[in-house]
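> Just need the structure, nothing else, for what follows:
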Amino acid sequence: MPTPTKGPRLGGSPAHERKMLNNLAAQLFEHKSITTTVTKAKRLRPVAERLVTFAKRGDLAARRRVLQQITDKGIVHELFTSIAPAVAERPGGYTRITKIGPRKGDNAPMAVIELVLEPYSPKQATVKEAEVATAAAAEAAPAEEAPAEETPAVEPDVESGPQEDEAQAAADDK
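Numbers count the residues shown, from 1 in each chain. Okay, the predicted model is just below:
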């Protein structure tokens, strides 16, 4: 469970805040994206990500722990069967909060919180692929570039030789 917040709670009592966040998490899993205030979205993120982590485990104990918080079996089933396999490779960060404009009635700052269901591409694997490609290119490049480097080095010597002879002959004539 995330660390308890200091100061005013959402709703009034800690129990009411917990129930409200569990209901928001259930709606997030059902609709994949919800619009709420920025404060509620920030408070919802750790609750929802913890539930997704339990769903990724997939065992009976994890399902029962999730059912303690979300009482709708249909939503829990969807969480375990469709959402958890979609984020199985992702090590964390299952939600994304995007701020939108203020609410028309009371000017409250609004945000969209959504599940990140795109395929995960780890940066480390991308970096390793780039290093392997660079190493392969470096091994192939010196074999091709070595003759090109040697040829210009030899040609100026050959060209400079006759030029020097002509310059010496002109100097001897004077």
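
> What are the boundaries of the strands in the chain?
In the chain, the segments counted as strands under DSSP state E are 33-37, 95-102, 109-115.

> Which of these sits closest to T81?
In terms of Cβ to Cβ, the element of the strands of the chain nearest to T81 is strand 109-115, at 14.3 Å. Just so you know, the C-beta spots here come from the backbone N, C-alpha and C atoms, and that holds for glycine as well.

> what's the angle between the closest one and strand 33-37?
Orientation of strand 109-115 against strand 33-37 (axes from the mean of the first three to the mean of the last three Cα atoms, to 10 degrees) gives an angle of 150 degrees.

> May I see the buried residues of strand 109-115?
110-111, 113-115 (16 or more other Cβ atoms under 10 Å).

> so what strands line up beside it?
strand 33-37 (antiparallel), strand 95-102 (antiparallel) (DSSP bridges).

> how about low-confidence regions in this protein?
1-2, 4, 124-125, 141-174 (pLDDT under 70).

> the domain parsing of it - what is it?
Using automatic domain parsing, the domains assigned to the chain come out as 14-118, 121-174.

> Make a markdown table out of those domains and add distance to T5.
Formatted as a markdown table, the domains of the chain follow (distance: least, Cβ to Cβ, whole Å):
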| stretch | distance to T5 |
| --- | --- |
| domain 14-118 | 7 |
| domain 121-174 | 32 |
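
> Most tightly packed of the ones you listed?
domain 14-118 (a mean of 16; mean count of other Cβ atoms under 10 Å).

> what about that domain, how long is it end to end?
Across domain 14-118, the terminal residues are separated by 34 Å (Cα to Cα, to the nearest Å).

> Now R45. Nearest residue, chain neighbours left out?
Nearest residue to R45 in three dimensions, chain neighbours excluded: T95, at 5.2 Å (Cβ to Cβ, 6 or more residues apart in numbering).

> contacting residues for the one you found?
28, 44-45, 48-49, 113-116 (Cβ atoms under 8 Å, 6 or more residues apart in numbering).

> swap the cut-off to 7 Å and go again
45, 48-49, 113-116 (Cβ atoms under 7 Å, 6 or more residues apart in numbering).

> how about those residues, which pair is most distant?
For the contacts of T95, and using Cβ to Cβ, no pair is farther apart than E49 and E114, which are 12.7 Å apart.
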